[in-house]
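> here's a sequence, model it:
(2 chains)
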Amino acid sequence: MGQLLQQFINGLTIGSFYALIALGYTMVYGVLKLINFAHGDLFMLGAYLGLTLIGIALGAGLSASMLLSLVPILLAVMGIVAMVGIALERAAYRPLYRAGRLPAVVSALGASIFLQNFVMLTYGARYRVYPKGIFPEVLWTIGGARLYLEQIIMLVLAFLLMTGLYLFVQRTRAGTAMRAVALDHDTARLMGIDVYRIITLVFIIGPALGAAGGVMVGIFYGRIYFTMGWTYGLKAFIAAILGGIGNIPGAMLGGVLLGIIEALATGFVSDAWKNAIAFFILVLILILRPRGLLGERVAEKL
Amino acid sequence: MKQEGLMKESLARARGFIAGRSQLVMLVFVLLFPLIVRNNRWIQVANFFFIYALLGLSLNIILGYAGLFQLGHAAFYAMGAYTTAILNTRYGVPVLVLLPLSALVAAIFGILISRPILHLRGDYLCVVTIGFGEIVRIALRNDASSLVFLAKLPGLGFLASWLTDLTITGGPNGIMGIARPQFLGFIFRQQIHYYYFFLAFVAFTVFAMRRLENSRLGRAWTCVREDELAAEIMGIDTVHVKLLAFAIGAAWAGMAGGLYASWVTVIAPETFSFWESCIMFCIVVLGGIGSIPGVLVGTLGMIVLPELLREVLLNVQQWRMLMFGVAMIVMMIVRPEGFWPSQRFRRELELAKEAG
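Numbers count the residues shown, from 1 in each chain, chains lettered A, B, ... in the order given. The predicted model follows:
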């Protein structure tokens, strides 16, 4: 029982990271019907920028009130990566909206190669380590399972970001416009919505959330590497599909579910097969229920 | 008037003459390439080019002709390579004999995995194929002994001792010591031997693909790609036709895998990662969907260009992949239809553009 609870807690933490990254995939897909293969690399960029900024903050002697100084750092990283996201959309995707889907996929892969090699050249090819002890090591034991303060902070942070996004999309005018564009570009344009501005907005929010996920993964696992965008990105992408791609609450649910399934698979089946199990679930979901758990029925046309 | 007609005619003739000559020059160049460069590294690059050209041509059947988004082609490549490697190192079957067998194993695998997912379209198909590709790689990496957890299941305890020592794929280290091909007593040893062997195989493949392209099946594929519903109404069994695309594409990728295994003699699971599938995908799209010369040009771009950049950028070599990524984006923006598209696909794109 204790082990089950422990795996559940671990899974929830990892799942909340997946969910944050998955939101970027799902939002871009919802609006552009494009799988943004470079999104994972934006997440990775966030992790590296976080490392740099935390290093600067520590150098300035901010270690005592680390908890509070993390907030501006997180916001700064999110801002920078959002700008990279806008640049990416302008340079690599916007010229291709009328050219069909395949060229955009190749362009996204090119952008991914570019970002990975850019980070590799700037930070080096070896993995980098986040400073230890950013959060005090406090832990509670509940029913034989350990719960760290760090995990609670991560979960709360992820929850806040996702709730914020959800409210933004459901309650604000811009959010409504975003949903309209996801449904139908032309009709949205007729209703007076500037579609390109909405696309830009999506490329601000998605990468910003992914970057927050990057910093959180860095703090939680301590170790980052320049190819981590692919490892985590592919998982987050599965999460987005699992919940129903294009569907924002779906991405959150998918992320958390995938994290928990993976943790349980590690604990009770075999660590070596956990990724294969994740992919197997993906395949199964797509065969049985292609629209995902929460996705609406969509006309699938190439 | 008459003079103008004459001039046009002679111009056309001159053009034909040049085109004919340039093909001849190309042929001579390709045949003499190893003797011209006299450099093992470049012959090796050429051999890589051939392997990827085969992979590109095989993916072109699925992605280009039939229009099925396939981003897990490395799985078929792996199937062929491992079939050759396992049967050769364990039972000593000559690799050339294993070539058709590799094709068969990959084709059966292709049919098995594509059958349940054929009803999916577009991006969904693409995602499932990514999933299958990764499952294959992870399975190869984990090897059979990692299945020992099965023994924990009730009633399967007897498997434990058998499974712990079972090795089939050699795990993360892969398989070493694959024999080299042998033909009438001649053993292929040097890069140059493989060069002509692979060249012949690619030539045969190009010939076969051209025949296939214009066959009844090839036309049915194009029909399915352009409008599946219309194809069905015309009496094409779309499921059957799509299955055949996967089977033939997989078979050819399997043979490429067998050739690769016999060439490098060492294979490991990481050779067949998702990234490889992406490279094959880019080869087809960059070159031009459904176009045989396009695939060859795409292979030049994806495989030979990074090596050329390595030579050109001597001091700033580390920048080459950065520039390569930018080149991919720029290429797609400048020519979204690919470098050398088939006439047909270009027209499809134009129609799509007009329709908005």
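
> which strands and helices sit next to the helix or strand in which residue A:21 is found?
Assessed by DSSP states H and E, residue A:21 sits inside helix A:2-32. If contacts are counted by 3 or more C-beta pairs under 8 Å, 6 or more residues apart in numbering or on different chains; DSSP states H and E, helix A:2-32 sits against helix A:39-59, strand A:145-148, helix A:149-171, helix A:173-183, helix A:195-221, helix A:228-243, helix A:248-268. Backbone N, C-alpha and C define where each C-beta goes, glycine included.

> relative to residue B:354, how far out is the residue of chain A most remote from its centre?
The centre of chain A is farthest from one residue, residue A:190, which by C-alpha atoms, centre = their mean lies 32.0 Å away. Plainly put, residue A:190 is 20 Å away from residue B:354 if you go by C-beta to C-beta, to the nearest Å.

> ok, now residue B:50?
39 Å.

> which of those two has more residues huddled nearby?
More crowded of residue B:50 and residue B:354, by other C-beta atoms under 10 Å in any protein chain shown: residue B:50, with 25 against 7.

> which non-adjacent residue is nearest the more buried one?
residue B:198 (3.7 Å; C-beta to C-beta, 6 or more residues apart in numbering or on different chains).

> do the same with residue A:281
That would be residue A:261: by C-beta to C-beta, 6+ apart, it lies 6.5 Å from residue A:281.

> also residue B:143?
residue B:171 (4.2 Å).

> what about residue 135, how many neighbours?
As the question left the chain open, I've gone with chain A. 18.

> actually chain B
Neighbours of residue B:135 using other C-beta under 10 Å come to 22.

> now the angle from the helix or strand where it lies to helix A:228-243?
Following DSSP H and E, one finds residue B:135 within helix B:122-142. Angle of helix B:122-142 versus helix A:228-243, following axes from the mean of the first three to the mean of the last three C-alpha atoms, to 10 degrees, is 120 degrees.

> helix B:122-142 and chain A, any residue contact?
Yes - Helix B:122-142 is in contact with chain A by C-beta under 8 Å from any C-beta of the partner chain, via B:122-124, B:126-128, B:130-132, B:134-135, B:138-139, B:141-142.

> quick one: residue A:255 from chain B, how far?
Residue A:255 sits 16 Å away from chain B, going by C-beta to the nearest C-beta, to the nearest Å.

> rewinding a little: quick one: contacts for the residue farthest from the centre of chain A?
Under the criterion of C-beta atoms under 8 Å, 6 or more residues apart in numbering or on different chains, residue A:190 has no neighbours.

> next up, phi/psi of it, please.
phi -60, psi -30 (degrees, to the nearest 10).

> give the helix, strand or coil label for the residue nearest to the spatial centre of chain B.
Chain B has residue B:55 as the residue nearest its centroid, 1.2 Å off, counting by C-alpha atoms, centre = their mean. Following DSSP: H, G, I helix; E, B strand; the rest coil, the label given to residue B:55 is helix.

> could you report the separation of residue B:307 from chain A?
16 Å.

> leaving out chain neighbours, which residue sits closest to that residue?
Residue B:307's closest residue in space is residue B:45 (C-beta to C-beta, 6+ apart), at 5.0 Å.

> surely that neighbour and residue B:310 touch.
No - using C-beta atoms under 8 Å, residue B:45 makes no contact with residue B:310, being 9.8 Å away.

> just want to know which of those two has more residues nearby.
Shown here are residue B:45 and residue B:310; by other C-beta under 10 Å, residue B:45 has more neighbours (18 against 14).

> the strand or helix carrying residue A:107 vs helix A:228-243, what angle?
Using DSSP H and E, residue A:107 sits within helix A:101-123. Inter-element angle recorded for helix A:101-123 and helix A:228-243: 140 degrees (by the same axes, to 10 degrees).

> surely residue A:253 and residue A:295 touch.
No - counting by C-beta under 8 Å, no contact exists between residue A:253 and residue A:295, whose distance comes to 10.8 Å.

> which residues do the two both contact?
In contact with both residue A:253 and residue A:295: residue A:243, using C-beta under 8 Å, 6+ apart.

> and residue A:239, how close does it get to chain B?
Distance, residue A:239 to chain B, by C-beta to the nearest C-beta: 12 Å.

> just checking, that residue touches residue A:261?
No - Residue A:239 lies out of contact with residue A:261 (C-beta under 8 Å); the separation is 10.1 Å.

> which one's more surrounded, those two?
residue A:239 (33 against 17).

> many thanks, have a good one.
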